[in-house]
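1. kindly generate the corresponding structure for this input.
(chains A and B)
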Amino acid sequence: MKKIFFSLIVSFLAITFVLAQKQVSGRITDESGEGLPGVNVLIKGTTTGTTTDLDGNYRLSVGEDDILVFSFVGFSSQEVTVGTRSVIDVALGGLTELQEVVITGYGVIQKSDLTGSIGQIDGDDLQGLPVPGIDQALQGRVAGVNVISSNGQPGGGISVRVRGASSINSNNQPLYVIDGIPVESFDTFSSDLTGGTAGQGSFGGFGGQQGNSLNQINFNDVESIEVLKDASATAIYGSRAANGVVLITTKRGKTGQAKIDVSLTRGVSEVFELPEVLNAAQYRELHSESVTNSGATPDPTFYGTEETDWLDAIFRTANLTQFNLSASGGNDVLNYFTSLQYDDQEGTMLGTSFRRVTARVNLDAKVSEKVTFGTSLLFGNTKDQIQSGDNFIIGPYFSALRTRPDLGIRNPDGTFTGTNQFDNAVAATLYENIFKSSRFLGNFYGQYEVIDNLTFKGVISMDYVGTNRELYWPNTTLGGNIFGNVFIERGLDEQYTFNNTFTLNYQFDINSDHRFNALLGAEWQLIQRDQFSASASGLPNDILRTLNSASTPNNVDGLKTAWGLQSYFGRIGYVYDDRFLATATIRTDGSSRFGEDNQFGIFPSVAVGWNIMNESFFTFENVVDNLKLRASYGVTGNHRVGNFASRGLYQGGFAYGGNPGTVPSQIANPSLQWEETTQFDVGIDFGLFGSRVQGAIDYYIKTSKDLLLLAPLPRSSGFNNVNRNIGEVENKGLEIELSGDVINSNGFRWNLAGNIAFNDNEIVALVDGNDIAATGFGQSIIRVGEDLGAFLGHSVEGIFQTQAEIDALDAAAPSGLYQAPGTAPGDFRFRDIDGDGEITADDRIITGSPQADYVGGLTSTTSWKGISLSAFFQFSQGNDVISLLNQAHLFLRDANNVSTRVLDRWTPENTNGTIPRVVQGDPNNNRRQSDFLVEDGSYIRLKTLRLAYNLPESLLTNVFLTNATFFAQGTNLLTITDYSGVDPEINTFGINNSSAMGVDGSTYPGSKTYTFGVKLGF
Amino acid sequence: MMKNIISKFTYLVALVFSITSCDLYDNLDQVPAQSLSNETAITTPGDAEAALLGTYSSMNQTSYYGRMHVVWGPNQFIYLGSTTSTTRASTFDSENNNVNPVDNTLLNTWDNIYELANRATNVIDAVPLIEDSAPFSSATRKNEIIAEARFLRGLAHFDALRFFGRFWDQTSDAGVPLRIVPGNTANAELPRSTVAEVYASITADLDFAVANAPDFSASHLVSKDAARAIRARVALYMEDYTTAISLVDQVVGNFALETNYGDIFTNRLGSSEVIFGMFANGTIEQSSHAFFFLSAATGGRQDYVPTAQFLSLISGDPREAASVSLAPLEVIKYPSITAQDDPTYIIRLAELHFIKAEALARQAAPDLSAAQDELFIVSNRVGLLRSTATTVAAFLDELQSEKVKELAFEGSHSWFDAIRLGNARTIKPSITSDDRLTLPIPQVELDANPAILQSDGY
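-> Residues are numbered from 1 along each chain as shown, chains lettered A, B, ... in the order given. Below you'll find the predicted structure:
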C-alpha cells in the first residue's frame, strides 16, 4: 500500500516537473571560489538531476517550487528553493570535523555520536607508498597500532598488534574486514593449518619467512582504514575481535563525469648498512689465534688465498615499478570504480622478488529510490620469490655473514666452493622458492529501504586464496644435493571463505531530544582449506622441471580442514539532546571449533559519552569546539585455535603389518572455549580553535583470560597434553593522538600530526604457574609477572683476566667447578645469581623485554602553492632486541667468519677487550644466552619523506588533464638507534607468534627505497 | 515496477538462503577431514580392525619394542655398555643404574607403554558396542579383535610392571598404574596399583586372549599360542609353576626349533620358532635396532656395545657367531642397516623350554631330571652337552646363563631373570639397593599426576 502511495507521489511530481519546466544554471564552488567538478545537483524528492562540469558549472530544467539539493562528498549539502531565479551559484562549505562520518562495524556513525575508540587513516595518505602490504601501511598512523616487518623480503609477513599482544599461543593479528567481509590474514607459505609458525618444504621451513595473505589488496583502491580499538567498537565482531579489528573500505564511484587516474612510480632500493665481517687477512690472523688458544697448532694449508666479500656478492640495487590505473564515475543509477595495478619489486638480496597484478570493479546500482544493488570484486595475483632466512642453514644471508672470506666463490672447475655444513652464499641464492597466490574477493550486496530510515541489507561474499608452491632446488645447492639430483616440490593451498551477512538498520527519533540508531544482524561464515604437495628428486637436467621428469618420488602430503562461524548481533545507539550518548552492542558467536559445552559465546559491550561542549554551562565555545568524554566496557574473544582442538580425535598415518591403522591422537576437552578479553577504556576527544587542533586521549585496561594453553597430562593417560583455558595476560596503556595546523596563512600550511601509545604488558597466570619456553632457541620465556616473551639468560659479570681468579672460584665451588672445564683468562665470567658457588641454569635471569614502553608516529606536512613536503617518522622506545646472530658472529669458535667487532677480543695484550678471547670450540660456552646478546632496540626512523608538486590548473586545461602531480619519495632514509645490528625493527619469529618477539636472527635486512613518480588525472 | 523489484529482491534473498543452506547455514557441524571423532572412530568392523592395527603399531617405537625394550635390561645389567653416543644425554645413566627422572628416553618408554595400553583399552571399550549383526569377517572375529587388544594391553602392563614396579614382590604396593579405562581428562590421574592388582589385570587380559584370540597364522599377529606363551612367562614370574608348565605344553607342539641357531635371524618372523614378534618393513614401520647396535664402520651410530662380561660368557659358544661380531665389535642380530626392517623377537619357542625347565626345577616337588631334559632340547640344538648339575641351585645357575646366551639382546630377559632369581646384586655388586632394580617414574608424569608416587630411592 505504502509503495503504491509512493509511486503516486513520484508520478505526481514528475507531472508537475514537466508542467512548470524552466532552465536554471550556475556554478558551484568551494569556499575559496574554486569550481567544484562532479557536484550532485538533484531536485529534492526526485531522481532528476545532473552533476557539475570541470569548472563547477551546471544547467538543469526545474520548476519554480522545486528545491535543489547540492551535495558533494566531503562538503556540507545545501538546499536552495528555485523560485524565480534562473542563475543559482552556491559556495559549498567543507564538513566540520564532527559532521564527518566514521565507518564502524556493520554501519557508519556521525563522529559526534561516536562512543568508541576508532583510529582512522585516509586512503590518500597511502598513495604511492613503496610497500606491498596494506598492513605495512598502518605503521605509525594510529596510536596503539604497532606494526613490525619480519624482514626485508618484499611482500613478507607483517606483525600487527593493536593494544599489545593478548594471547600466548594463538595468533595475535587483528581481524581484517574488507568491504564488510571478515578476512583472516594468514601465512601463504605455510602448510600449518592451525596458524602456527612452521613453514614447510621438506627441509622443514624457510627460517621465519612468511607469506602475507593481504598482499593481493591494492591499497591505491583504499578509501579509508578504520582501526577499531576499544570494546565498544570491536565487540560487534565478537569472538574474533580481541586483537582489534581493521576495517578496510575501498573506493566507490561518485556521480559525475568520469575520472581517470594514472600513476607510474619507479624507484630503487638499497639494503641497510650491513654488518662488517673480517677480511681474509684478519680472518687468517684471528682464526690462527683461536686454534692456538685451543691448544692446537694452526695449519697454514687450511687458509685460502682468495678475498671474497660475500655480502656484496648477494646484495644488489633493486628496482621497483608500480603502475596504477583507475577509472570511476557514474550517474544517478550506476556508479563505478575500476582499477588495475601492476607492482614489481625486486628484493635487495639476489633470488628474492615480489610481483603483483590486481584488478578491481566496484559497482553500485540504484535501481529505485529504495533499492540499491552493488558489488565489490577484486582479483589479485602475486608472485613471491623467497630465500630461506633467519639462522637457517641454507639461507644466503646467514651464509654470507659466516662464509670464510679467504675462499673464492667458485672452484677453478666452475663449481661452487662451500662446505657440507651450509651453502656457499651465492649458491644459496639459486634456490627457486616461488609462491604464486591468486585471490578472488568478491561480494554482492542488495539494500532495501523498507520504510524511511529502516534499511535491510544483505551481503553475500566469496573469498578464494589459492597459493601455488613451486620449489626448484638445483644441484648446485646443498638442498638439491642432499636429495640427490635436484629437488622439486609442487603444492597447492586453497582457502575458500563463504560469508553471508544480513542486517537491519533503523534510525528514529522519539522527539528531537531522543535520537536512536539500531542494528540487528546475522552472519554465517564457512572456511574450507585444502592442500596438497608432492616432491621428487633426480632430474636429468636444468630444463626439465616437472614432477613426471623426476626419477625418485620423495614425499606426498595433503591436508583438508574447515570451520564455521554463526553469529547474531545487535547494536543500539542513543543520543539525548546531543549531549549524552550511549551505545550497547551484543554479539553471539557459535563456532565449530569449540566444545559442545561452550559452542556459543556472548560478547557484550556498553559505552557512554558526554559532549561537554553542548552543555549550556560550557562557555568556552570560542576556543573549544569539541570536547567529549567517553567510557566503554566490553568483552571480546580470540577464536584462533586448531579447528578441532576441543574434540577427541583418532588419526591415521599408522600401520602394522603393512596395513593402515588408526590411533587416538587427541584427548577431548568439551569445555574448551574462546580466549576472552575484557577491556575497559576511558577517553577524551577534543578540538580547539575551530578544529585547528584536534586530538584524543585514551586509557585502557585489557585483560585476556582463559588463554588457550597446552596443559600437560599424566602420560599414563596415553596422551601428552590437552588444550585448556588457563593463561591470563594483561595490557594497560595510554594513547594520545594530536594533530594541528602550526601555520595556515597565505596559502602556506604546516600541519603536524602525531600519536604515541604506551603499553604495559604482563603475564598474570599460566598452567600451574610454570614457565613456558617461547619459540626459538631458548632466548625467550613466558613467565608469570614478566612481559610476554621476556629474554632469559645468564648475566655477564666481566672477563676473567687471570687463571688465579678462575682457580679461586673453582676452589670455592661445591663441585670444584665454577663454570666450565675449559674456562681460561679471556672468557666471560657469568654471575652466580643464586649464590651457590656454581653457574647453572638457575643462574639465568630476565635480561630484557621485547615489549616497547611506547611506540608512535609523527607526520609533518607543509604545502604551498601546489608544492608539498611531508615527512613521516615512526618510533619505538624501551624495547630490547636479542641478537642470535651475535651468538654466531661475536665468538670465533669454528671455521666460520665473524664480525669485525671480534678484532677487539681479549688477548693478554688487550686486556680491556670487549669481546672474549677467540678459541676453537668455545669451551667456556661464552656464546650462551646472556645479557651480552641483549641490546636496547629503541629507534626513531624517518619512514617516508615525500616531495610532491601539483601542476597549476591553468596549465592543465589545454591538455585534457584535471590534475598532474610529480613526486619523489624516500623510504627508511634515516634511522637513529643505539642498536648495533642492522635493523632494530625485526622479528625473526614472524607474524603470528607473539611469544618470541624482538629476536634478531640473521634476518634478511630491510632497505632504503627511493622512488619517483607521476600521477595524472583525466 | 517497484513492486516487481521488491519481489525479485525477496526472491533473491530466499534463493541465496536456499542454495547455500546445506553448507553455510549448518556450518557449526564441521567434521575433521584428516581425523576421526573419538565417538565415531570405532563404529564398524572396518574401524575396529583399523584401531586394532593402530594399537599394534604403538609397539614399534624407538623407546619400546622398536629399540629400548632390548636395551634397558642388558644395559642396566652387565651385558650391554653405553658409548659416547648413548651418554650424550647426561641424564641417561642406565649403565650405572642411575637414570634421572627427567631423562627423555625414560619418559618416552613410559609414554610408549601407556600409549599401547590406552589404545588397546579404547578398542576393548568400543568394539563390544558394535552391533553383533555388523559384517565382521567371521562370527568369532569381534571377540578375536577384543582378545588381541587385551593381549596387547596385558603385555603393556607387564612391561610397565617389570621396568617401573617391584614385579618380583607380589606383596608390594609399588605396582604401576593400570590404564583399563580409556584415558580422558577426568580419569587421567591414576595412582600405582599394587603388584598383585597389576598381575591380576594382566592374567585376566591374557586368559581372555588365550580363550578368544585367533589361531596362529603369522608371528607378527596375536594368536592363542602367543597368549599362552606370554601367559606362561607371567606365570613363571608369579611363581605359578603348574600353570606355566601346562601352558608351555599346549604350545610347544605347534612350533619347531630351527636346526641352525643363526637361521632364526635370517628367517626372522618367518622362523618356525618365533611365536610372537614385532613387525617392521622399512617403510612407515621402520626398526632402528641396526642403527643403534652397528658400529660406524657398518653404517650405524652404535649407541650400545656388548660388554667384556658378555664376550667372556659367549666366547666359544656356538651361538657367538650369530650374536656378536668382534671386529668391529657389535651386536649383529639386527643387521638390516639399509632396509631398517629387522623385527623384534618378543617370544620364541626356546624361551618356552626355559620356562618349563625352570618351573620343573622350582615347583613344590622339583624334578631336576625332567628340567635338565627340557633345557637339553635347547642346548642340544647347538651341540652342547646335557646339564650335569646335581642340585637345583646349580641347575638354575646353568639355566640362567644358558638363557642369557640363547636370548641375548632379544629383550631384557637377563635383567628380569636375575632380579627374579635374587642374584642381580650379587652379579652386579655396584647396585647397592633393591630400589635401583626399578626405573624411576618420569618427572613429567609426577608433575602432572599428583596421585602417583615416585619409585623408592629416587
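
2. residue contacts, residue 170?
-> Picked chain A for this. Residues near A:S170 by CB atoms under 8 Å, 6 or more residues apart in numbering or on different chains: A:G195, A:N638, A:R640, A:V641, A:E675, A:L707, A:L708. C-beta here means a position set from N, CA and C on the backbone, and glycine is covered the same way.

3. try chain B instead
-> Shown in contact with B:Q170 (CB under 8 Å, 6+ apart): B:V195, B:A196, B:Y199, B:M238.

4. what's the local residue count around the first one?
-> Which is B:V195. 22 (other CB atoms under 10 Å in any protein chain shown).

5. would you map the helices across chain A?
-> Assigned by DSSP state H, chain A shows helices spanning A:2-19, A:231-234, A:280-293, A:310-314, A:396-402, A:425-428, A:478-482, A:803-812, A:884-889, A:953-956.

6. may I see the buried residues of the fourth one?
-> By neighbour count with 16 or more other CB atoms under 10 Å in any protein chain shown, helix A:310-314 contains the buried residues A:W310, A:L311, A:A313, A:I314.

7. ok, the third one next?
-> Within helix A:280-293, the residues that count as buried by 16+ other CB under 10 Å are A:A280, A:Q282, A:Y283, A:R284, A:L286, A:H287, A:S288, A:E289, A:S290, A:V291, A:N293.

8. contacting residues for the third one?
-> The reference is to A:Y283. Residues in contact with A:Y283, defined by CB under 8 Å, 6+ apart, are A:Y303, A:R404, A:P405, A:D406, A:N897.

9. okay if I get those residues as JSON lines plus pLDDT, neighbour count and distance to B:A51?
-> Output for these, formatted as JSON lines (pLDDT from 0 to 100; neighbours: other CB atoms under 10 Å in any protein chain shown; distance: CB to CB, whole Å):
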{"residue": "A:Y303", "pLDDT": "92", "neighbour count": "17", "distance to B:A51": "62"}
{"residue": "A:R404", "pLDDT": "89", "neighbour count": "23", "distance to B:A51": "56"}
{"residue": "A:P405", "pLDDT": "92", "neighbour count": "19", "distance to B:A51": "60"}
{"residue": "A:D406", "pLDDT": "91", "neighbour count": "21", "distance to B:A51": "61"}
{"residue": "A:N897", "pLDDT": "92", "neighbour count": "27", "distance to B:A51": "55"}
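
10. which residue, other than its chain neighbours, is closest to the residue of the stretch 901-1018 of chain A found nearest chain B?
-> Closest to chain B within the stretch 901-1018 of chain A is A:N925: 14.9 Å, counting by CB to the nearest CB. Distances taken as CB to CB, 6 or more residues apart in numbering or on different chains place A:A820 nearest to A:N925, at 5.9 Å, with adjacent residues excluded.

11. so what's that neighbour up against?
-> A:I839, A:P923, A:N924, A:N925.

12. ok, now with 10 Å
-> Neighbour list for A:A820: A:I806, A:D827, A:F830, A:I839, A:D922, A:P923, A:N924, A:N925, A:N926, A:R928 [criterion: CB atoms under 10 Å, 6 or more residues apart in numbering or on different chains].

13. let me see the contact set for the closest residue to chain B within the stretch 601-750 of chain A.
-> Using CB to the nearest CB, the closest approach of the stretch 601-750 of chain A to chain B is made by A:G718 at 2.5 Å. For A:G718, the contacting residues are A:663-664, A:667, B:58, B:111, B:113-122, B:179, B:182-184, B:188, by CB under 10 Å, 6+ apart.

14. could you list the low-pLDDT ranges of the stretch 51-200 of chain B?
-> Counting by pLDDT under 70, the stretch 51-200 of chain B shows low-confidence ranges at B:85-90.

15. where do the strands sit along it?
-> All strands of the stretch 51-200 of chain B, identified by DSSP state E, counting those that start in this stretch, fall at B:80-82.

16. point me to the residue of it nearest chain A.
-> Closest contact between the stretch 51-200 of chain B and chain A, by CB to the nearest CB, is at B:N118 (2.5 Å).

17. around that residue, how many other residues sit close by?
-> Per other CB under 10 Å, the neighbour tally for B:N118 reads 27.

18. same check on the one 4 residues further on?
-> A count of nearby residues for B:N122, using other CB under 10 Å, gives 27.

19. what does the stretch 351-458 of chain B have sitting close to chain A?
-> B:I441, B:P442, B:V444, B:E445, B:L446, B:D447, B:A448, B:N449, B:P450, B:A451, B:I452 (CB under 10 Å from any CB of the partner chain).

20. doesn't B:R231 belong to a helix?
-> Yes - assessed with DSSP: H, G, I helix; E, B strand; the rest coil, B:R231 lies in a helix.

21. could I get the phi/psi values of the residue most central in space within chain A?
-> Central residue check for chain A by CA atoms, centre = their mean: the C-alpha nearest the mean position is that of A:D135, 3.4 Å away. Here is the backbone geometry of A:D135 (degrees, to the nearest 10): phi -70, psi -30.

22. relative to A:S353, how far out is it?
-> The gap separating A:D135 from A:S353 is 20 Å, by CB to CB, to the nearest Å.

23. still on that earlier bit, export the buried residues of helix A:310-314 to a markdown table and tack on distance to chain B and pLDDT?
-> Formatted as a markdown table, these follow (distance: CB to the nearest CB, whole Å; pLDDT from 0 to 100):
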| residue | distance to chain B | pLDDT |
| --- | --- | --- |
| A:W310 | 33 | 92 |
| A:L311 | 35 | 93 |
| A:A313 | 37 | 92 |
| A:I314 | 36 | 93 |
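
24. neighbours around the residue of the stretch 251-400 of chain A found nearest chain B, how many?
-> As assessed by CB to the nearest CB, chain B sits closest to A:V371 within the stretch 251-400 of chain A, at 5.2 Å. By other CB under 10 Å, 17 other residues sit near A:V371.

25. hmm, it is touching A:K457, no?
-> No - assessed by CB atoms under 10 Å, A:V371 is found out of contact with A:K457, at 11.0 Å.

26. next, show the common contact partners of these two.
-> Joint contacts of A:V371 and A:K457 (CB under 10 Å, 6+ apart) are A:G446, A:Q447, A:Y448, A:E449.

27. can you list those in TSV and add distance to chain B?
-> Below are those laid out as TSV (distance: CB to the nearest CB, whole Å):
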residue	distance to chain B
A:G446	6
A:Q447	9
A:Y448	6
A:E449	11
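
28. sort out for me which of the residues you listed are in strands.
-> Here DSSP state E is the test, and the shared contacts of A:V371 and A:K457 give A:G446, A:Q447, A:Y448, A:E449 as lying in strands.

29. tell me which two of those residues sit farthest apart.
-> Spatial extent of these (CB to CB) is set by the pair A:G446 and A:E449 at 11.5 Å.

30. so which of the contacts of A:Y283 are also by chain B?
-> Applying CB under 10 Å from any CB to the contacts of A:Y283, one finds that nothing falls near chain B.

31. and residue 165, what is it in contact with?
-> Let's take chain A. By CB under 10 Å, 6+ apart, A:A165 lies in contact with A:146, A:159, A:172, A:243, A:704, A:729, A:731, A:759, A:761, A:787-789, A:850-851, A:993-995, A:997.

32. meant chain B, my bad for not saying
-> Taking CB under 10 Å, 6+ apart as the test, what B:G165 contacts is B:157-158, B:172-177, B:192-195, B:198-199, B:438-439, B:441, B:455.

33. count the residues that sit near A:G408.
-> Using other CB under 10 Å, the number of residues around A:G408 comes to 14.

34. quick check on it: phi, psi?
-> Dihedral angles (degrees, to the nearest 10) for A:G408: phi -80, psi 170.

35. sorry, back to before: can I get the residues of the stretch 351-458 of chain B next to chain A in CSV including secondary structure?
-> Below are those laid out as CSV (three-state DSSP):
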residue, secondary structure
B:I441, coil
B:P442, coil
B:V444, helix
B:E445, helix
B:L446, helix
B:D447, helix
B:A448, helix
B:N449, coil
B:P450, coil
B:A451, coil
B:I452, coil
